[in-house]
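*Asks:* This is the structure alone, sequence omitted:
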């Protein structure tokens, strides 16, 4: 018995934002569900942390697309940054250092 991984993460979004949410990509390995919350307030501290490959290229792509990327204090064994989804929810992107 034990936890094997995360099946999905759910984040909230405001009513009427479905078209913006549908424009986002997805992965078979990780699912991020978006659900309408009537009294929506973006999660500024609570967040999912996504383990990524090619963080530097991802950061360049995000910045080129006009998405602010925030560096954080070092975490042993990882390079990491924070971004916000289109609704202001905080998301951490992490890549193990080799």
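*Replies:* Yes, it's here. All values derive from a computational prediction rather than experimental measurement. Residues are numbered from 1 along each chain as shown.

*Asks:* How about the contacts made by residue 42?
*Replies:* Residue 42 sits next to 12, 84, 87-90 when contact means Cβ atoms under 8 Å, 6 or more residues apart in numbering. The way it works is simple: take the backbone N, C-alpha and C, and place the C-beta from them, glycine included.

*Asks:* Now render the residues you listed as a markdown table, adding pLDDT, distance to residue 37 and neighbour count.
*Replies:* Converted to a markdown table, these look like this (pLDDT from 0 to 100; distance: Cβ to Cβ, whole Å; neighbours: other Cβ atoms under 10 Å):
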| residue | pLDDT | distance to residue 37 | neighbour count |
| --- | --- | --- | --- |
| 12 | 93 | 4 | 20 |
| 84 | 94 | 16 | 17 |
| 87 | 93 | 10 | 18 |
| 88 | 94 | 12 | 15 |
| 89 | 94 | 11 | 21 |
| 90 | 93 | 15 | 18 |
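
*Asks:* What helix or strand is residue 93 located in?
*Replies:* Following DSSP states H and E, one finds residue 93 within strand 90-96.

*Asks:* Report the buried residues of that strand.
*Replies:* 90-95 (16 or more other Cβ atoms under 10 Å).

*Asks:* Most widely separated two among the residues you listed?
*Replies:* Spatially, the most separated pair among these is 90 and 95, at 17.5 Å (Cβ to Cβ).

*Asks:* any chance of the contacts of residue 42 in JSON lines, plus distance to residue 35?
*Replies:* Formatted as JSON lines, those follow (distance: Cβ to Cβ, whole Å):
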{"residue": "12", "distance to residue 35": "6"}
{"residue": "84", "distance to residue 35": "17"}
{"residue": "87", "distance to residue 35": "11"}
{"residue": "88", "distance to residue 35": "15"}
{"residue": "89", "distance to residue 35": "11"}
{"residue": "90", "distance to residue 35": "17"}
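
*Asks:* Can you tell me which of the residues you listed comes closest to residue 69?
*Replies:* Closest to residue 69, out of all of the contacts of residue 42 and judged by Cβ to Cβ, is residue 84, at 9.5 Å.
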